[in-house]
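In: Take a look and give me a structure for this.
(one chain, ligands or ions: 2)
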Amino acid sequence: TPVVRLQDYAPPAYLVDRVELDFRLDPQSTRVRSRLHVRPNPDGPGGDLVLDGEDLELTALELDGAPLAGTAYKLDKDRLTITTPPERAFVLDIGTTIDPSANTRLMGLYRSNGVYCTQCEAEGFRRITFFPDRPDVLAVYTVRIEARASDAPVLLSNGNPVGSGVVAGSDRHYAVWHDPHPKPSYLFALVGGDLGRVGDTFVTASGREVTLGIYVEKGKEDRCDYALEALKRSMRWDEDAFGREYDLDVFNIVAVSDFNMGAMENKGLNVFNDKYVLASPETATDTDYANIEAIIAHEYFHNWTGNRITCRDWFQLCLKEGLTVFRDQEFSADVRSRAVERIGDVRTLKAHQFVEDAGPLAHPVRPETYKEINNFYTATVYEKGAELIRMLKTLLGADGFRAGMDLYFDRHDGTAATIEDFIGCFAEATGRKLDDFMLWYHQAGTPEVTASGRYDTAARTYELTLEQTCPPTPGQPTKQPMPIPIAFALLGPDGDEITDLKTESPAVRDGLIELTGTRERIVFTDLPAKPVPSLLRGFSAPVKLTANLTDDDLLFAAAEDSDPYNRWQAVQSLATRILIAAQAAIADGRTPEIEPRFLRSLEHTVEADALDPSFRAQVLSLPSESDIAREIGRNVDPDAIHGADQWLRGLIGGELGACLTDVYRRFGSNLPYSPDAAGAGRRALRNTALGLIAGTGQAGIETAEQHYRNADNMTDRMAGLSALTRQGAPEADAALDDFFERYRTDPLVLDKWFSLQATMTGADTLDRVTALMRHPAFSLSNPNRVRALVGAFAAANPTQFNRADGAGYRLVADFTLEIDRSNPQVAARLLSAFRSWRVLEPVRRAAAEAALRRIAGHEGLSRDSADIVERSLD
Ligand code: HT7
Ligand code: ZN
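Out: Ligands and ions are numbered 1, 2, ... in the order given. Below you'll find the model as predicted:
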């Protein structure tokens with residue numbers, strides 16, 4: 001497979017100023033006419049005009065109105081080359097025919113439940129027509145769509161509607177859309193179908209009225225209200241927080257049931273996975289609602305960070321994705337609870353990005369090579385990319401950050417930019433050199449920071465020494481030190497932050513230590529007593545921090561730290577210590593031990609009614625089994641970790657029984673369900689308590705069963721059901737059957753049913769998953785369903801996927817090879833579950849490697865899957 005390299009970037013030889021597209025939609029044979037207004041790029045290398053194309057049938061080719069002679073072009077499997085075109089502007093007319101029904105990859109134009117829709121990022125437009133399918137070719141699009149009126153009464157594309165009508169003498173009709181904003185081909189979108197619509201209007205800060213529409217399969221219109229409200233909140237927030245207004249007369253969202261990812265930010269026509277639009281209290285959990293709000297916001301925010309300013313090439317993907325994730329995180333923090341959002345974001349980062357960064361798939365936030373760009377829509381590009389923006393803001397301050405953003409919007413609007421362009425705006429706006437900050441974009445791996453503090457009673461000084469290292473990652477054996485902003489405070493014996501800290505160190509300013517070199521020694525003077533340091537407050541940098549804190553220090557921080565993130569982190573750190581020791585004990589056949597003060601500390605927090613219930617729920621949610629595996633990092637035995645988890649949960653459930661039961665009783669609500677953060681927080685606390693209560697014996701199981709039956713919303717219903725399945729209680733099967741009967745016609749809810757079973761920890765889960773693959777409701781063509789069953793089994797069932805007999809790996813490998821034939825993108829994502837195989841104990845490691853080698857040797861394996869397995873085995 002050819003490797004694409006950042007260093008080989010060359011500007012396009014030809015530019016396309018305008019595109020006129022004409023679609024005649026038909027399920028099996030859609031005709032596409034494309035008229036390109038082309039001119040040589042004055043800054044380009046000249047030569048042939050190379051147009052990308054894949055799975056296309058070429059039916060016509062004319063240059064300035066005259067058919068091209070066979071000698072004037074060359075047609076290959078993946079491109080159409082116009083040899084020596086004119087050295088002036090010209091018009092190219094191209095006819096292609098495509099088969100949307102046969103498009104199982106879900107890239108390009110395809111059919112989802114009878115709806116025509118497109119997905120063009122990253123390289124899907126080339127599956128619609130021949131085109132320079134690269135993000136630095138920006139054109140103004142006019143699109144005419146024609147279809148049978150009965151098949152597709154709704155016809156949508158990017159921009160504003162400019163015409164529509166019936167085709168005389170036929171059963172067909174058409175619509176014309178014009179998008180005045182130049183855009184790359186990956187932002188093109190088209191939708192046609194018999195869709196229902198929910199609409200509204202939004203008046204922008206400058207007083208322009210925008211028509212909003214959400215289109216969904218008929219009958220689902222009553223599940224769009226929350227998404228529509230979230231959209232309006234997002235539009236207002238971008239005006240308030242970043243000064244960015246919407247720029248077209250209409251903004252449409254379409255929800256489809258078959259979609260490779262979460263959603264897509266096509267200009268003026270966002271296309272969404274159903275899962276991130278449709279919600280009702282009976283079908284969506286609080287988490288679903290929060291995800292809908294965040295993803296609606298994310299795609300909307302791309303209008304400025306991604307669409308108005310796009311990426312020069314796909315190596316710059318984090319330019320739009322990291323920045324837009326940062327923006328959606330800030331939005332959620334503002335409209336929900338900042339502290340709880342931060343905890344959730346860091347949990348996600350550690351669970352996915354830290355794991356990626358520690359394994360064979362590690363890559364820089366801005367990679368320098370790729371074989372398949374679809375495999376770089378990763379936690380590193382998205383989540384670590386967002387952390388880099390957050391650090392930039394911490395380093396520059398809110399005003400400096402805003403000045404840099406304003407300059408970026410001003411200077412690069414309407415262009416395809418690079419990370420250098422972006423960072424250059426912050427350097428220029430603030431006068432600060434940011435060359436060393438670029439290392440964060442170049443170097444993969446999670447930096448490890450160690451902190452050790454020493455108090456000198458006689459001298460009344462506190463000496464804090466910070467050191468950084470970064471482990472080797474593929475292709476990067478050694479690393480340079482990076483600028484690491486460490487937000488901090490020193491806590492006095494009463495728990496208060498010590499103000500007026502005195503130090504001569506230039507690395508310290510206003511609650512922030514800037515660690516720039518490998519080692520920094522800071523001496524704080526004039527301190528009457530030994531302080532407890534609160535370091536990396538709010539998780540101010542994506543690093544692994546090891547501090548020489550005692551259990552006493554952590555217990556103190558758990559009770560007193562005024563930074564809620566660090567307060568939560570202190571409990572997690574204690575729990576991690578306990579669980580790591582417990583799994584080692586279990587592996588050695590010893591009895592694990594508990595630090596009783598940990599239980600008291602937990603109890604104290606859970607009972608503290610002054611604290612936000614959602615924060616308390618986060619504190620009560622222990623590190624996951626994967627978190628513990630990540631912390632252990634070598635010779636991992638998932639069964640021992642599971643044993644430790646069971647043991648600690650049982651202990652908490654028993655020892656804190658009265659407190660948990662009290663919370664469970666008090667937080668039951670007679671109020672009607674509302675998905676807002678306050679209601680969700682109360683349910684989160686109560687349901688976390690329920691999960692622990694359910695592990696304490698038959699009475700707990702009965703509570704969970706009742707909870708399931710009495711639920712009046714999906715959050716509670718799922719909490720009851722998952723408490724039962726988690727215990728592997730005999731009652732679980734009856735409840736699962738009941739759940740299936742209740743929701744058998746509702747695909748998004750059935751996905752939950754599949755996932756819950758895929759993550760059960762009993763030894764019979766493998767057989768259950770195998771049987772579910774043959775269930776009439778299972779489908780290979782629906783990515784949500786595949787992820788719900790096989791994705792959940794591989795990524796969220798550590799003991800059963802990692803069975804010592806290798807059967808879990810074999811199941812996932814066999815399935816992946818099957819789906820690789822129809823949808824390689826989904827297959828490649830499933831394979832990333834193998835990325836941590838090297839940290840396993842030897843027996844499992846060998847079994848995982850055997851499965852990977854079998855996949856690697858499979859004839860006809862897609863480029864997507866081959867890329868993942870080859871890098872995993874490297
Ligand atoms: N920018 C979008 C990425 C995306 C995508 C990428 C590859 C294949 C299918 C895809 N669907 C959406 C989503 C986003 O980050 O906003
Ligand atoms: Zn995005």
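In: And what about whatever residue of the chain ends up closest to ligand 1, helix, strand or coil?
Out: Here the residue of the chain nearest ligand 1 is residue 261; by Cβ to the nearest ligand atom that distance is 3.5 Å. Yep, even glycine has a C-beta here, placed from its N, CA and C like the rest. When classified by DSSP: H, G, I helix; E, B strand; the rest coil, residue 261 comes out as coil.
In: Pretty sure it sits against residue 271.
Out: No: using Cβ atoms under 8 Å as the test, residue 261 is too far from residue 271 to be in contact (10.1 Å).
In: Could I get the full set of helices for the stretch 301-450 of the chain?
Out: 317-335, 338-348, 355-357, 379, 385-412, 419-430, 439-442 (DSSP state H, counting those that start in this stretch).
In: Save the ones you listed as TSV, and put in distance to ligand 1 and mean pLDDT too.
Out: Formatted as TSV, the helices of the stretch 301-450 of the chain follow (distance: least, Cβ to the nearest ligand atom, whole Å; pLDDT from 0 to 100):
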stretch	distance to ligand 1	mean pLDDT
helix 317-335	5	99
helix 338-348	15	98
helix 355-357	16	98
helix 379	12	99
helix 385-412	11	99
helix 419-430	17	99
helix 439-442	18	99
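In: Does residue 235 touch residue 300 like I think?
Out: Yes: contact between residue 235 and residue 300 holds when scored by Cβ under 8 Å: they sit 6.5 Å apart.
In: any idea of the pLDDT on residue 622?
Out: At residue 622, the model reports a pLDDT of 96.
In: Neighbour count for residue 235 and residue 300, which is higher?
Out: residue 300 (27 against 23; other Cβ atoms under 10 Å).
In: quick one, phi/psi of that one?
Out: Dihedral pair for residue 300: phi -60, psi -40, per degrees, to the nearest 10.
In: any idea how far ligand 2 is from it?
Out: Per Cβ to the ion, to the nearest Å, residue 300 is found 11 Å from ligand 2.
In: Please, which helix or strand holds the residue lying closest to that residue once chain neighbours are set aside?
Out: Leaving aside its chain neighbours, residue 300 sits nearest to residue 234 (4.4 Å; criterion: Cβ to Cβ, 6 or more residues apart in numbering). For residue 234, the element it lies in under DSSP states H and E is helix 225-242.
In: So what's the gap between that helix and the chain middle?
Out: Distance of helix 225-242 from the chain centroid (Cα atoms, centre = their mean, to the nearest Å) equals 20 Å.
In: Residue 261 and residue 271: who's more crowded?
Out: Taking neighbours as other Cβ under 10 Å, residue 261 and residue 271 compare with residue 271 leading, 25 against 17.
In: List the pairing partners of the helix or strand hosting the more buried one within its sheet, with orientation.
Out: Assigned by DSSP H and E, residue 271 belongs to strand 269-273. If you go by DSSP bridges, strand 269-273 pairs up with strand 250-256 (parallel), strand 263-264 (antiparallel).
In: List, one by one, the residues from the stretch 701-850 of the chain near ligand 1.
Out: residue 825 (Cβ under 6 Å from any ligand atom).
In: List the residues that contact the spatially closest residue to residue 173 that is not a sequence neighbour.
Out: Spatial nearest neighbour of residue 173, excluding adjacent residues (Cβ to Cβ, 6+ apart): residue 149 at 4.4 Å. Shown in contact with residue 149 (Cβ atoms under 8 Å, 6 or more residues apart in numbering): 166, 171, 172, 173.
In: So which of those residues is the closest to ligand 2?
Out: residue 173 (33.4 Å; Cβ to the ion).
In: isn't the closest one right up against residue 163?
Out: No: applying Cβ under 8 Å as the test, residue 173 and residue 163 come out as separate, 11.2 Å apart.
In: Of those two, which one has the most company?
Out: residue 173 (18 against 11).
In: per-residue confidence for the residue of the stretch 101-250 of the chain found nearest ligand 2?
Out: At 9.0 Å from ligand 2, residue 121 is the closest residue in the stretch 101-250 of the chain, using Cβ to the ion. Looking at residue 121, its pLDDT reads 99.
In: who touches it in this structure?
Out: 186, 187, 264.
In: quick one, what contacts residue 595?
Out: By Cβ under 8 Å, 6+ apart, residue 595 lies in contact with 551, 574, 578.
In: Pull the number of nearby residues for the first one.
Out: Residues lying near residue 551 (other Cβ under 10 Å) number 14.
In: and the residue lying closest to it once chain neighbours are set aside, how far is that from residue 572?
Out: Nearest non-adjacent residue to residue 551, counting by Cβ to Cβ, 6+ apart: residue 595, 6.1 Å away. Relative to residue 572, residue 595 is positioned 14 Å away (Cβ to Cβ, to the nearest Å).
In: Strands - which of the contacts of residue 149 land there?
Out: If you go by DSSP state E, the contacts of residue 149 have 166, 172, 173 in strands.
In: Report the beta-bridge partner residues of the first one.
Out: It refers to residue 166. residue 173.
In: Tell me who's in contact with the residue found closest to residue 522 once you drop the neighbours it is linked to in the chain.
Out: In space, and not counting its chain neighbours, residue 522 is closest to residue 505: 4.3 Å by Cβ to Cβ, 6+ apart. Counting by Cβ under 8 Å, 6+ apart, residue 505 touches 513, 520, 521, 522, 523.
In: Apply 10 Å and report the result again.
Out: 464, 513, 514, 520, 521, 522, 523, 524 (Cβ atoms under 10 Å, 6 or more residues apart in numbering).
In: out of the residues you listed, which one sits closest to residue 58?
Out: residue 514 (57.7 Å; Cβ to Cβ).
In: Can you name the residues bridging to that closest one?
Out: Counting by DSSP bridges, the residues bridging with residue 514 are residue 485.
In: Residue 93 now?
Out: Counting by DSSP bridges, the residues bridging with residue 93 are residue 35, residue 62.
In: can you pull the pLDDT of it?
Out: Model confidence at residue 93, given as pLDDT, is 99.
In: Report how many residues lie close to it.
Out: Counted by other Cβ under 10 Å, the residues lying close to residue 93 total 18.
In: Contact partners for it?
Out: 20, 33-36, 60-68.
In: As JSON lines, the strands paired with strand 269-273 with distance to ligand 1 and mean pLDDT would be great.
Out: Shown next, in JSON lines, are these (distance: least, Cβ to the nearest ligand atom, whole Å; pLDDT from 0 to 100):
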{"stretch": "strand 250-256", "distance to ligand 1": "11", "mean pLDDT": "99"}
{"stretch": "strand 263-264", "distance to ligand 1": "4", "mean pLDDT": "99"}
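In: Which of these sits closest to residue 774?
Out: It is, among the strands paired with strand 269-273 and with distance given as Cβ to Cβ, strand 250-256, at 25.9 Å.
In: got the angle between the closest one and helix 225-242?
Out: 130 degrees (axes from the mean of the first three to the mean of the last three Cα atoms, to 10 degrees).
In: Output strand 250-256 in CSV with nothing but the alpha carbons.
Out: Output of strand 250-256 as CSV, limited to C-alpha atoms (Å, rounded to 0.1, in the frame of the first residue of the first chain):
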residue,chain,number,x,y,z
VAL,A,250,-31.0,27.6,6.2
PHE,A,251,-29.4,25.1,8.4
ASN,A,252,-30.5,21.5,8.0
ILE,A,253,-29.8,18.3,9.8
VAL,A,254,-30.7,14.9,8.5
ALA,A,255,-30.7,11.7,10.7
VAL,A,256,-30.1,8.4,9.0
